[in-house]
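Asker: predicted structure and sequence below. I'll ask about it afterward.
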Amino acid sequence: MPFGSDILDTGNDTDPSDIQADIALLPALAEGVDARVKTFSVGLDPTHEQTAAEWFESLGYRTLTGDVKYVKGYWGGTRAEADPRLGASFCQGLTDLAPTQDYDFANWLPVPNVLDELASTYPDAKFLLFESEPGRWLDNVYIKAQEAALRGAKCGCGGDVEDRVDSAKCRLGESVHFCDVYPCVYERTFTTSAVDPRAWVDTYAKHVKNVKSSLGSRLLVVDMETPQSPIAVSQQIAAHLGLSSNPEAFALAHPFEPHVLAHVSEHRWLVFWFACVGALGAAILFAPSPFTDGGARFYRDVAERV
């Protein structure tokens, strides 16, 4: 959950070569998915963008959402790790799109801010816009902005560089700190880092209008206020992107909905295996040694009883 989440696995420093090495191997596409189509979602509703990121990851797409990448876990789940390259370059005024080459799907800040650059760099890419009613959008983005502000406060953002907190949750890599991307991405998107309802809603309305007028047939607008099932949304996306030769069957197998359990399972498997290893270690540690007199008598007694 980008720019505010506490779930990032940043215990180890990350450098660009490590990021690219993780991404180099293409994950297998899910059953029923026929194509890997370069896709960018350029909406500003964090709730729908999070769902989209988890959904595309479940299809086998290499996914970047904000400063977070999803990779397969060691025990069958999914890990969320930091990849701040796009956000850091954007906040430095460079807008280096090279990191987006490593992903099939990308969304959330700062992706909507570099819409024109993405459209020209990837002429074959497709785009999505999940449109919300402005009032509901404001409620959703307010929660995300508050999460980011809380994390920014804990990490020392807004003050001197020397005052930044050097912790795993504040580092996004070897040379990128959370404060290098926050509050920058919010200020450059909405003009302020703190929520200003009138200004933010106005910015949102202008962004939606600009997106609709600039991408033509490459864009699918998904009206999230019109009552429709996750299957219907999935079918629209599948047809627009050409994900399957049978969009109806695809949608039944892959409804557009969150896949949170996939991210939790990795942690649960880790706990299980650590518990097993710990129990085995304890058994070995406290078992009588056959090389001592007491241990030898113990094993002779056991053998006689058997």
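Answerer: Sure thing, it's come through.

Asker: can we go C-alpha only for contacts and neighbour counts from here?
Answerer: OK.

Asker: how is the protein divided into domains?
Answerer: Listed by automatic domain parsing, the domain ranges of the chain are 16-258, 268-305.

Asker: which of these has the lowest mean pLDDT?
Answerer: Looking at the domains of the chain, the lowest mean pLDDT belongs to domain 268-305 (a mean of 54).

Asker: out of the domains of the chain, which is the most enclosed?
Answerer: Between the domains of the chain, domain 16-258 has the highest mean count of neighbours, a mean of 18, where neighbours are mean count of other CA atoms under 10 Å.

Asker: hang on, Tyr103 packs against Arg62?
Answerer: Yes. Under the criterion of CA atoms under 8 Å, Tyr103 is in contact with Arg62, at a separation of 4.9 Å.

Asker: contact partners for the residue lying closest to Ala30 once chain neighbours are set aside?
Answerer: In space, Ala30 comes closest to Leu59 once its chain neighbours are excluded; the distance is 4.8 Å by CA to CA, 6 or more residues apart in numbering. Under the criterion of CA atoms under 8 Å, 6 or more residues apart in numbering, the neighbours of Leu59 are 29-30, 33.

Asker: redo that, cut-off 10 Å
Answerer: The neighbours of Leu59, taking CA atoms under 10 Å, 6 or more residues apart in numbering as the test, are 27-33, 36, 243, 254.

Asker: tell me how far it lies from Val71.
Answerer: Between Leu59 and Val71 the computed distance is 12 Å (CA to CA, to the nearest Å).

Asker: which residues do these two both contact?
Answerer: Both Leu59 and Val71 are contacted by Pro27, under the criterion CA under 10 Å, 6+ apart.

Asker: so what pLDDT did Met1 get?
Answerer: Checking the pLDDT column for Met1, the value is 47.

Asker: would you map the helices across the stretch 101-250 of the chain?
Answerer: Taking DSSP state H, counting those that start in this stretch, the helices of the stretch 101-250 of the chain run over residues 115-121, 134-155, 184-190, 197-214, 230-241, 247-253.

Asker: run the chain-centre distance for the fourth one.
Answerer: Centroid separation for helix 197-214 versus its chain: 24 Å, with CA atoms, centre = their mean, to the nearest Å.

Asker: helix, strand, or coil at Leu86?
Answerer: Reduced to three states with DSSP: H, G, I helix; E, B strand; the rest coil, the structure at Leu86 is helix.

Asker: show me what contacts it?
Answerer: Shown here is Leu86, whose contacts under the criterion CA under 10 Å, 6+ apart are 64, 66-67, 92, 94-100, 109-111, 181.

Asker: same question for Phe130.
Answerer: Applying CA under 10 Å, 6+ apart, the residues near Phe130 are 41-49, 52, 208, 220-225.

Asker: among those residues, which are in strands?
Answerer: In this view, those that belong to strands under DSSP state E are 41, 220-223.

Asker: Arg164 versus Lys154, what's the distance?
Answerer: In this structure, Lys154 lies at 9 Å from Arg164, with CA to CA as the measure.

Asker: give me the common contacts of these two.
Answerer: Counting by CA under 10 Å, 6+ apart, the shared contacts of Lys154 and Arg164 are Cys170.

Asker: so how far is Ser41 from Arg109?
Answerer: Quick fix: residue 109 is Leu, not Arg. When CA to CA is applied, the distance between Leu109 and Ser41 equals 10 Å.

Asker: Val221 too?
Answerer: Distance, Val221 to Ser41, by CA to CA: 10 Å.

Asker: again, but for Thr226
Answerer: If you go by CA to CA, the gap between Thr226 and Ser41 works out to 19 Å.

Asker: likewise Gln101?
Answerer: With distances taken as CA to CA, Gln101 is found 15 Å from Ser41.

Asker: you'd agree Glu117 is up against Thr95?
Answerer: Yes. At 8.6 Å, Glu117 and Thr95 qualify as touching, with contact defined as CA atoms under 10 Å.

Asker: Phe105 bridge partners, please.
Answerer: On the basis of DSSP bridges, Phe105 takes part in beta bridges with Thr39, Thr63.

Asker: before we move on, the earlier item: and for Leu109 and Ser41, which residues touch both?
Answerer: Shared contacts of Leu109 and Ser41, defined by CA under 10 Å, 6+ apart, comprise 49, 65.

Asker: let me know the helix or strand that Glu57 is in.
Answerer: Using DSSP states H and E, Glu57 sits within helix 46-58.

Asker: mind giving me the packing neighbours of that helix?
Answerer: The criterion is 3 or more CA pairs under 10 Å, 6 or more residues apart in numbering; DSSP states H and E, and the helices and strands that helix 46-58 contacts are strand 39-41, strand 63-65, strand 68-72, strand 78-82, strand 105-107, strand 126-131, helix 134-155, helix 260-286.

Asker: quick one on the thing from earlier: need the residues touching each of Val221 and Ser41.
Answerer: By the contact definition CA under 10 Å, 6+ apart, Val221 and Ser41 are jointly contacted by 127-130.
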